[in-house]
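1. Here is my input, please return the structure:
(one chain, ligands or ions: 1)
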Amino acid sequence: MDYETIIVETRGKVGLITLNRPQALNALNATLLGEVNRALDVFEADRGIGCIVVTGSEKAFAAGADIKEMANLTYPQIYADDHFAGWDRVANRRKPMIAAVAGFALGGGCEFAMMCDFIIAAENAKFGQPEIKLGVMPGMGGTQRLTRLIGRAKAMEMCLTGRMMGAEEAERSGLVARVVPTAELLNEALKTAEAIASMSQPIVMMTKESINRADEVSLSEGVRFERRVFHAMFATADQKEGMAAFVEKRAPRFSDR
Ligand code: HXC
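-> Numbers count the residues shown, from 1 in each chain. Predicted coordinates:
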């Protein structure tokens, strides 16, 4: 399949999407959004793919939504188009997605990274929601996801001032899972993705679904949801295989059933 703004590859059981608009620091335009969703559709339909990695360049994961594309839109246009709604499809994927972030992850770039299940950051990563300086605010989930990830005080400060946060502070604040040397970023992300892809695919997807419920429901409802899904796992061959392998002191051979 032909892509203009992204590079799509598979590495074993891992699907890799590299954002590729270097002339615009990977600014997220409508073409790129369409292509990311097309690539994700293909990876989601491919039972051989167990985890997806999204990355950019060493200079920028993505410097935001494409300001030049947005600048002259009118309210009736963006309302009628439900502008940015395509990003909900990105955020609602069922297979695990890792954002491997080096350089700038600003505005929509930071929001795209937060739509992934977790972020691995290079030491040179810089996160920010600078929309306030453009006379708008985050519009792809930033006010909600950033607040859930790093808490109200820091989210408020970042969105109201537009300041950037480095990788070390991002890890300390809970925005990223891990910081790695910049040169190691892709390798580390792919290794992590391979580890996830080697697990039982339905169990991985159910685990992701359960963690995501935590953002939506009360603790007691969330625990009830978890328990029901946990019980359901005993209907899989992979639960039997995983536990048998432990007892027999051997590596499990998951069949994704
Ligand atoms: C369109 C962008 C862009 C963007 C960079 N470019 N960010 N184009 N949209 N978001 C383009 C520049 O115009 C320039 O193109 C080229 O990429 C290189 O950028 P420079 O600014 O020359 O690079 P540098 O001096 O290294 O500065 C890097 C930077 C800066 C600090 C990241 O580019 C920057 O501040 N970018 C905007 C960041 C931002 O405000 N993001 C939020 C966007 S709004 P030319 O052709 O001039 O060489 C957003 C909204 C979400 O995400 C939803 C709310 C509505």
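2. Enumerate the residues of the protein near the ligand.
-> Proximity of the chain to the ligand (CB under 6 Å from any ligand atom) is limited to residues 24-25, 27, 63-68, 104, 106-108, 130-131, 134, 136, 138-140. The way it works is simple: take the backbone N, C-alpha and C, and place the C-beta from them, glycine included.
3. So which of those belong to strands?
-> Mapping these onto strands (DSSP state E) picks out Phe104, Leu106.
4. out of the residues of the chain next to the ligand, which are inside helices?
-> Ile67, Lys68, Gly108 (DSSP state H).
5. So the first one is in contact with Leu28, correct?
-> The reference is to Ile67. No - contact criterion CB atoms under 8 Å: Ile67 and Leu28 do not qualify, at 10.2 Å.
6. tell me the domain ranges of this protein?
-> Following the TED database, the chain resolves into domains at 6-197, 200-248.
7. just the ones you listed: most buried one?
-> For those, the largest average neighbour count (mean count of other CB atoms under 10 Å) is found in domain 6-197, namely a mean of 19.
8. ok so, going back, Ser255: which of the domains of the chain is closest?
-> domain 200-248 (5.7 Å; CB to CB).
9. could the domains of the chain go into JSON lines alongside distance to Ser255 and mean pLDDT?
-> As requested, the domains of the chain are arranged in JSON lines below (distance: least, CB to CB, whole Å; pLDDT from 0 to 100):
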{"stretch": "domain 6-197", "distance to Ser255": "11", "mean pLDDT": "98"}
{"stretch": "domain 200-248", "distance to Ser255": "6", "mean pLDDT": "98"}
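10. May I see those domains organised as TSV, with distance to Arg257 added?
-> Listed next are those as TSV, based on distance: least, CB to CB, whole Å:
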stretch	distance to Arg257
domain 6-197	11
domain 200-248	4
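11. The residue nearest the centre of the chain and the ligand: what is the separation?
-> With distances taken as CA atoms, centre = their mean, Cys116 lies nearest the centre of the chain, 1.2 Å away. Distance, Cys116 to the ligand, by CB to the nearest ligand atom, to the nearest Å: 16 Å.
12. Val179 sits in which helix or strand?
-> Val179 is part of strand 178-180, with elements assigned from DSSP states H and E.
13. Kindly provide the distance from the closest residue to the ligand within the stretch 151-257 of the chain to Ala155.
-> Here the stretch 151-257 of the chain gets closest to the ligand at one residue, Gly162, 7.8 Å apart by CB to the nearest ligand atom. According to CB to CB, to the nearest Å, Gly162 and Ala155 sit 12 Å apart.
14. Show the backbone phi and psi for Tyr160.
-> Actually, residue 160 is Leu rather than Tyr. Dihedral pair for Leu160: phi -90, psi -30, per degrees, to the nearest 10.
15. Going forward, count from 148.
-> OK, 148 is where the count begins now, so the last one is Leu307.
16. what residues are up against it?
-> Contacts here follow CB atoms under 8 Å, 6 or more residues apart in numbering; on that basis Leu307 touches Ile279.
17. helix/strand/coil for Arg319?
-> helix (DSSP: H, G, I helix; E, B strand; the rest coil).
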